[in-house]
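Engineer: Predicted model follows, preceded by the sequence.
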Amino acid sequence: MEKLLIIDDSEEIRKQLKWGLGKEYAIIQGGDGREGLELFREHAPKVVTLDLGLPPHPDGIEEGFRCLGEILRENPFTKVIIISGNDERENALKAIKEGAYDIHQKPVDLNEIKIVIRRAFHLYGIEEENRKLHLALEKTDDRSKMVGECPKMLEVASIIRKIASSDVSVLVMGDSGTGKELVARAIHAQSLRKDGPFIPINCGAIPENLLESELFGHEKGAFTGAHTQVQGKVEFAHKGTLFLDEIGELPAPLQVKLLRFLQEKTMQRVGGRDDIQVDTRIIAATNIEMARAIQERRFREDLYYRLGVITINLPPLSERGSDIMLLSNLFLKRFSGQLNKKLRGFSPEAVEMIKSYGWPGNVRELENRVQRAVIMSESSLIESDDLGFSLKPETKKKEVFAFTPGEMITLKDARDRVEKEFVAASIERNKGNIAKTAEELGISRPTLYDLIKKHALASSGGQG
């Protein structure tokens with residue numbers, strides 16, 4: 001039998017509730033806040049009914065709110081039902097905002113309160129199952145887990161299932177922060193190579209003069225400082241998967257060498273002459289427009305077709321609909337667990353901001369902002385300020401959604417313009433300081449540089 005805790009200084013109400021509910025629940029009663037909290041800690045009930053007017057201040061609400069706060073700090077998932085007098089309506093609504101589950105007016109109607117309590121226990125059970133499920137998911141390899149329910153992401157998941165068992169090269173395309181490496185890891189985890197290594201390398205983060213050695217390794221004495229033979233990332237990926245991120249930044253000479261490797265499955269270390277056979281699958285990713293790069297002769301067309309036997313296009317977060325809140329809640333649970341903070345969710349204002357924001361940094365920005373919010377939050381609910389949103393919604397809309405009435409534009413054009421104007425406004429507010437701008441937007445500096453380059457924005461020579 002489920003335990004139900006009743007905290008009320010009215011003996012009459014306690015007797016009424018025990019008489020009406022005693023057949024369905026194990027009733028525990030406390031006549032004041034101190035006794036109620038002791039019973040709560042001893043019995044850990046899932047549902048509590050709470051009177052706001054409790055001794056030593058039965059005519060006030062201080063003790064009731066103190067009890068509510070303590071209960072939710074002990075277990076933020078407890079369903080606390082406020083038993084409220086008509087003159088306490090405003091305070092009861094305030095209690096809902098601070099985490100109470102529901103309000104029930106005095107005098108108590110047993111038929112109504114039975115329904116409310118039954119629903120509270122039912123909801124607690126559903127949430128408990130969800131928490132167990134998320135805990136089980138957290139114990140799996142999170143790096144290879146794809147999360148998404150929107151049609152575009154379901155299509156991506158379908159493609160991954162179809163191609164995972166083959167060895168064809170894959171090119172993942174999408175804006176910075178959309179999860180291209182996550183897709184690569186998901187393909188690897190579902191492939192026949194899953195027991196082999198997954199080796200990632202960012203082609204845009206390594207200086208050009210070091211990149212060839214990083215990829216293909218070098219022989220002893222190949223250049224000054226090469227005191228020993230060193231294997232490159234390609235060899236380390238033998239019997240596994242090599243993930244080449246930012247492949248569009250690969251210098252022309254290395255494009256030729258990579259093309260030869262894809263064709264012949266052999267390579268030579270820098271300074272070496274022997275052909276080395278390597279068995280690895282290549283997955284590449286880029287956020288640049290490859291058609292333009294090919295047209296401008298910055299990327300070889302033959303290499304593009306070799307890499308993109310299968311092409312996967314990832315949608316920006318702003319086009320993923322309900323996935324935004326799905327991911328927000330996933331990140332909230334993850335970081336709350338890591339930081340040992342008991343948070344129940346997002347406030348209505350925070351939810352509205354999350355849904356209306358343009359997310360120029362995509363999933364990476366969302367993850368960063370939620371992590372920041374978990375660290376900064378001082379209550380059981382995440383507020384919009386915790387997420388680092390410095391603009392009021394009405395100011396942001398005026399600043400970003402500046403389209404001429406009747407103007408005919410595509411959804412992609414609209415999204416690009418929103419992104420450009422939002423990033424430009426942030427750069428201007430921070431006087432070109434790249435570090436501060438990236439922090440305000442909740443994205444990394446490389447991502448911000450990508451956005452500046454993409455939209456041809458001036459960074460004003462900012463610092464950072």
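Structural biologist: In hand now; what should we look at?

Engineer: Which residue ranges make up the domains of this structure?
Structural biologist: 3-138, 144-315, 319-383, 390-464 (automatic domain parsing).

Engineer: For the residue nearest the centre of the chain, which non-adjacent residue is spatially closest?
Structural biologist: The chain has Glu367 as the residue nearest its centroid, 3.8 Å off, counting by C-alpha atoms, centre = their mean. Nearest residue to Glu367, sequence neighbours excluded (C-beta to C-beta, 6 or more residues apart in numbering): Phe331, at 5.3 Å. (Glycine included, C-beta is placed from N, CA and C.)

Engineer: can you confirm the one you found is in a helix?
Structural biologist: Yes: the assignment for Phe331 by DSSP: H, G, I helix; E, B strand; the rest coil puts it in a helix.

Engineer: Could you tell me the per-residue confidence at it?
Structural biologist: Turning to Phe331, the model gives it a pLDDT of 91.

Engineer: what's the closest non-adjacent residue to Leu37?
Structural biologist: Leaving out its chain neighbours, the residue that sits closest to Leu37 by C-beta to C-beta, 6+ apart is Glu70, at 5.5 Å.

Engineer: burial measure for the one you found, as a count.
Structural biologist: Other residues near Glu70 number 14, with proximity taken as other C-beta atoms under 10 Å.

Engineer: for the helix or strand where it lies, packing partners?
Structural biologist: Secondary structure assignment for Glu70, by DSSP states H and E: helix 62-74. Applying 3 or more C-beta pairs under 8 Å, 6 or more residues apart in numbering; DSSP states H and E, one finds that helix 62-74 contacts helix 33-43, strand 47-51, strand 79-84, helix 89-97.

Engineer: starting at the chain centroid, how far to it?
Structural biologist: How far helix 62-74 lies from its chain's middle: 30 Å, per C-alpha atoms, centre = their mean, to the nearest Å.

Engineer: circling back to that earlier point, so which of the helices and strands packed on helix 62-74 is the most surrounded?
Structural biologist: Mean neighbour count (mean count of other C-beta atoms under 10 Å) peaks for strand 47-51 among the helices and strands packed on helix 62-74, with a mean of 26.

Engineer: any idea how far Ala44 lies from Val80?
Structural biologist: Distance, Ala44 to Val80, by C-beta to C-beta, to the nearest Å: 14 Å.

Engineer: Check which helix or strand the nearest residue to Lys341 once chain neighbours are set aside maps to.
Structural biologist: Leaving out its chain neighbours, the residue that sits closest to Lys341 by C-beta to C-beta, 6+ apart is Val374, at 5.9 Å. According to DSSP H and E, Val374 maps onto helix 362-376.

Engineer: Show me which positions of that helix end up buried.
Structural biologist: Judged by neighbour count (16 or more other C-beta atoms under 10 Å), helix 362-376 contains these buried residues: 362-374.

Engineer: next one: stretch 159-175
Structural biologist: For stretch 159-175, by 16+ other C-beta under 10 Å, it's 159-160, 163-164, 169-175.

Engineer: re earlier: next up, the contacts around the residue nearest to Lys341.
Structural biologist: 332, 335-336, 339, 341, 343, 382, 386 (C-beta atoms under 8 Å, 6 or more residues apart in numbering).

Engineer: Would you mind giving the helices and strands packed on helix 62-74 as a markdown table with mean pLDDT and distance to Ile427 added?
Structural biologist: Below are the helices and strands packed on helix 62-74 laid out as a markdown table (pLDDT from 0 to 100; distance: least, C-beta to C-beta, whole Å):
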| stretch | mean pLDDT | distance to Ile427 |
| --- | --- | --- |
| helix 33-43 | 94 | 51 |
| strand 47-51 | 93 | 49 |
| strand 79-84 | 88 | 46 |
| helix 89-97 | 75 | 36 |
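
Engineer: Format those as TSV; extra columns: distance to Lys220.
Structural biologist: Shown next, in TSV, are the helices and strands packed on helix 62-74 (distance: least, C-beta to C-beta, whole Å):
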stretch	distance to Lys220
helix 33-43	67
strand 47-51	71
strand 79-84	68
helix 89-97	68
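
Engineer: closest to Phe121 out of these?
Structural biologist: When the helices and strands packed on helix 62-74 are compared by C-beta to C-beta, strand 47-51 sits nearest Phe121, at 5.7 Å.

Engineer: Adjacent strands (with direction) for that closest one?
Structural biologist: Using DSSP bridges, strand 47-51 pairs in its sheet with strand 3-7 (parallel), strand 79-84 (parallel).

Engineer: Please compute how far the shortest one lies from its chain's middle.
Structural biologist: For strand 3-7, the distance from its own C-alpha centre to the chain's C-alpha centre is 36 Å (C-alpha atoms, centre = their mean).

Engineer: measure the residue nearest to Leu37 to Gly64 for me?
Structural biologist: From Glu70 to Gly64 the distance is 11 Å (C-beta to C-beta).

Engineer: Alright, I will stop here.
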